[in-house]
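**Student:** Okay, predicted coordinates and the sequence, questions at the end:
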Amino acid sequence: MDFKTFISKIPSLQSKALNGLDAQFKFAPKMRLQYNEEKIKAQNPRRAAVLAFFYPDEEHNTRFLLTQRASYNGTHSAQISFPGGKYDEVDNNLQETALREAFEEVSILNETVKIVREITDVYIPPSNFLATPFIGYSNSKPNFIPNEEVAEIIEVKLEDLLNDNNITTINITTSYAKNLEVPCFKLNDYIVWGATAMMLSEIRELF
């Protein structure tokens, strides 16, 4: 999608009703489906926020940023995600969390980001986080500089997210589940599943 077309769609993105859980659950692992709002509240989840960040590439195509997390001894080691992280006391709100984490992880300057809207929270059972995604964009491509939490910068064309051919299902084994059948996106040869895929599904439906 040409970046001018993306910009023209922003009023629609801001006003369109969210499909919420209906969109998210198309890409939810089966273990996630057992958690309704009451069960999530009972878990007293930690709050977090992420930034779904869009920008033009050199050919003026619209891209968005994903990252591969560095490998570590933890639940989300080496997984694909948006820049983001847990709410901190220095943050006035979750939007500030998303912007702060995007700066810390990949050096996106806060003042260059225009926030389009907040979308539906995603509960992440393995780490007990309730993550709030924010859609944002910049009129130019930043100089992404990853910190030690980020192993790879992944720049995805928006048109690839909208392409049905990039939707599939895989069988995975993680530190907390074995032989898990999950719906996913295949983007830039990376498998994107779980919470990030659930967020992308809602964004996809907005477009």
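**Tutor:** Yep, that arrived.

**Student:** which residues in the protein form helices?
**Tutor:** Using DSSP state H, the helices of the chain run over residues 3-15, 20-24, 30-33, 37-42, 94-106, 158-162, 194-206.

**Student:** want to try JSON lines for those helices, with mean neighbour count as columns?
**Tutor:** Every C-beta, even on glycine, is put in place using the N, C-alpha and C of the backbone. Putting the helices of the chain into JSON lines (neighbours: other C-beta atoms under 10 Å) gives the following:
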{"stretch": "helix 3-15", "mean neighbour count": "14"}
{"stretch": "helix 20-24", "mean neighbour count": "17"}
{"stretch": "helix 30-33", "mean neighbour count": "13"}
{"stretch": "helix 37-42", "mean neighbour count": "11"}
{"stretch": "helix 94-106", "mean neighbour count": "22"}
{"stretch": "helix 158-162", "mean neighbour count": "16"}
{"stretch": "helix 194-206", "mean neighbour count": "23"}
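
**Student:** CSV for those, including distance to Glu58?
**Tutor:** Shown next, in CSV, are those (distance: least, C-beta to C-beta, whole Å):
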stretch, distance to Glu58
helix 3-15, 11
helix 20-24, 31
helix 30-33, 38
helix 37-42, 42
helix 94-106, 18
helix 158-162, 15
helix 194-206, 23
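
**Student:** Which of these has the lowest mean pLDDT?
**Tutor:** Among the helices of the chain, helix 30-33 carries the lowest mean pLDDT, at a mean of 72.

**Student:** Which elements pack onto that helix?
**Tutor:** Applying 3 or more C-beta pairs under 8 Å, 6 or more residues apart in numbering; DSSP states H and E, one finds that helix 30-33 contacts strand 180-187.

**Student:** Note down every partner strand of the strand it packs on and its orientation.
**Tutor:** The strands beside strand 180-187 in its sheet (DSSP bridges) come out as strand 167-172 (antiparallel), strand 190-192 (antiparallel).

**Student:** Pick the most deeply packed of these.
**Tutor:** strand 190-192 (a mean of 18; mean count of other C-beta atoms under 10 Å).

**Student:** what's it in contact with?
**Tutor:** Strand 190-192 is contacted from outside by 66, 68, 80, 154, 170, 172, 184-186, 200, using C-beta atoms under 8 Å, 6 or more residues apart in numbering.

**Student:** mean confidence for it?
**Tutor:** 95.

**Student:** Centre of the chain to that strand, how far?
**Tutor:** 12 Å (C-alpha atoms, centre = their mean, to the nearest Å).

**Student:** do the same with stretch 137-145
**Tutor:** The chain centroid and the centroid of stretch 137-145 are separated by 17 Å, computed with C-alpha atoms, centre = their mean.

**Student:** Now it: buried residues?
**Tutor:** Going by neighbour count (16 or more other C-beta atoms under 10 Å), the buried part of stretch 137-145 is 137-138, 142, 144.

**Student:** related to what we said a few turns ago, buried subset of the contacts of strand 190-192 as a ChimeraX selection?
**Tutor:** Here is the ChimeraX command that picks out the buried ones among the contacts of strand 190-192, judged by 16+ other C-beta under 10 Å:
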select :66,68,80,154,184,185,186,200
